[in-house]
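Undergrad: Sequence plus the predicted model coming up.
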Amino acid sequence: MLLIRCPYCEAERPEVEFTYAGEAHIARPADPSALSDEEWRDFLFIRTNPRGRHFERWRHMHGCGRFFNAVRDTVTDKFAMTYKAGTPRPSDEEIALAVSASSAATPAEEARP
Amino acid sequence: MLLANHPLLGKTIPGDTASRLSIRAAEDVARFSLRIDPAAAQSAGAAFGTPLPTRIGRLVEAGGRMALQLGPDEWVLTAPVAESDGIADAFAALQEPHSLVDIGHREVGILVEGEAAALALRAAIAFDVDAMAVGTGCRTLFDKAQIVLIREDKNRFRIEVWRSFADHVWGILHAVSREIALGL
């Protein structure tokens, strides 16, 4: 089972407490009626679906109840970091820093296949 | 709460010397769910009579009243049943925007005590119960049922669970206590 760090509870919590909520940082258009059908379709349905690093929303459903954002690798399923909703997308340096900090804190986790 | 419909009224899973575990239905208490801006938590604490904790997972207990922070703007408050109306009145006079909901009839408490308490809970809770600090609590899942778990002491836990899930949680605790008693 994955352990996910909730940025509000500041604790590692089991995956079953969370629900996935799609890709993060998708802003709703300020004036929807001005959009063409194609632009509206893109907003509603078209996602990046990357292989590798993915910015996504999660909700700590059976905990504090809050939505937050996470950086997860879609290949290895490893979480690089989580951060509060509303904060900007972290830079590559911030993600690398978070990964090295978490691997130093939990060497046993890293040793697992 | 309406004790006639209490699913676990007076029930116990008695511990023997081998099991190091005793599980029983807790005494009924008044429970409230409080939602308020964390900036106004201090005035809410004044209304409740016990200061509210300011970190998620922390609890403050004094004079039979307990406040546990579950989320950034969410607390659960418990108190003796007789004080229920007084607390509701005190919050009615509070000038800050807030929501206080009486959830006393929604939930029942279960006390899990003994050396094997953490071991018993580990059977159905996915996080590291042993690592949980004394005097903290959190909302989590027990098997598939949502509970609030509070560690009152090293060997004493309190489960607050919705009454409709109580039989399910009780059944699992019963099976686990048998396994522990038999040394499985």
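TA: Nice, I can see it.

Undergrad: And chain B, what are its domain boundaries?
TA: B:19-27+B:106-181, B:30-102 (automatic domain parsing).

Undergrad: Dump those into TSV; add distance to chain A and mean pLDDT as well.
TA: Using the backbone N, CA and C atoms, a C-beta is placed for each residue, glycine as well. As requested, these are arranged in TSV below (distance: least, C-beta to the nearest C-beta, whole Å; pLDDT from 0 to 100):
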stretch	distance to chain A	mean pLDDT
domain B:19-27+B:106-181	3	93
domain B:30-102	4	94
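
Undergrad: Can you tell me which of these is nearest to B:Asn5?
TA: Proximity to B:Asn5 (C-beta to C-beta) singles out domain B:19-27+B:106-181 among the domains of chain B, at 7.6 Å.

Undergrad: that older thread, CSV for the domains of chain B, including mean neighbour count?
TA: Output for these, formatted as CSV (neighbours: other C-beta atoms under 10 Å in any protein chain shown):
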stretch, mean neighbour count
domain B:19-27+B:106-181, 18
domain B:30-102, 17
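
Undergrad: What parts of chain A come near chain B?
TA: A:1, A:3, A:8-17, A:62-66 (C-beta under 8 Å from any C-beta of the partner chain).

Undergrad: Weed out the non-buried ones from those residues.
TA: Buried subset of the residues of chain A next to chain B (neighbour count, 16 or more other C-beta atoms under 10 Å in any protein chain shown): A:8-9, A:11-14, A:16-17, A:62-64, A:66.

Undergrad: So of these, which two are at opposite extremes in space?
TA: Greatest spacing in those, by C-beta to C-beta: A:Tyr8 and A:Val16 (17.6 Å).

Undergrad: returning to that earlier point: want to try a markdown table for the buried ones among the residues of chain A next to chain B, with secondary structure and pLDDT as columns?
TA: Listed next are those as a markdown table, based on DSSP: H, G, I helix; E, B strand; the rest coil; pLDDT from 0 to 100:
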| residue | secondary structure | pLDDT |
| --- | --- | --- |
| A:Tyr8 | coil | 95 |
| A:Cys9 | coil | 93 |
| A:Ala11 | strand | 91 |
| A:Glu12 | strand | 92 |
| A:Arg13 | strand | 93 |
| A:Pro14 | strand | 94 |
| A:Val16 | helix | 95 |
| A:Glu17 | helix | 95 |
| A:His62 | coil | 95 |
| A:Gly63 | coil | 94 |
| A:Cys64 | coil | 94 |
| A:Arg66 | coil | 95 |
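
Undergrad: hey, where'd the strands end up in chain A?
TA: Under the criterion DSSP state E, strands of chain A are mapped to A:3-6, A:11-14, A:19-23, A:53-59, A:67-73, A:79-84.
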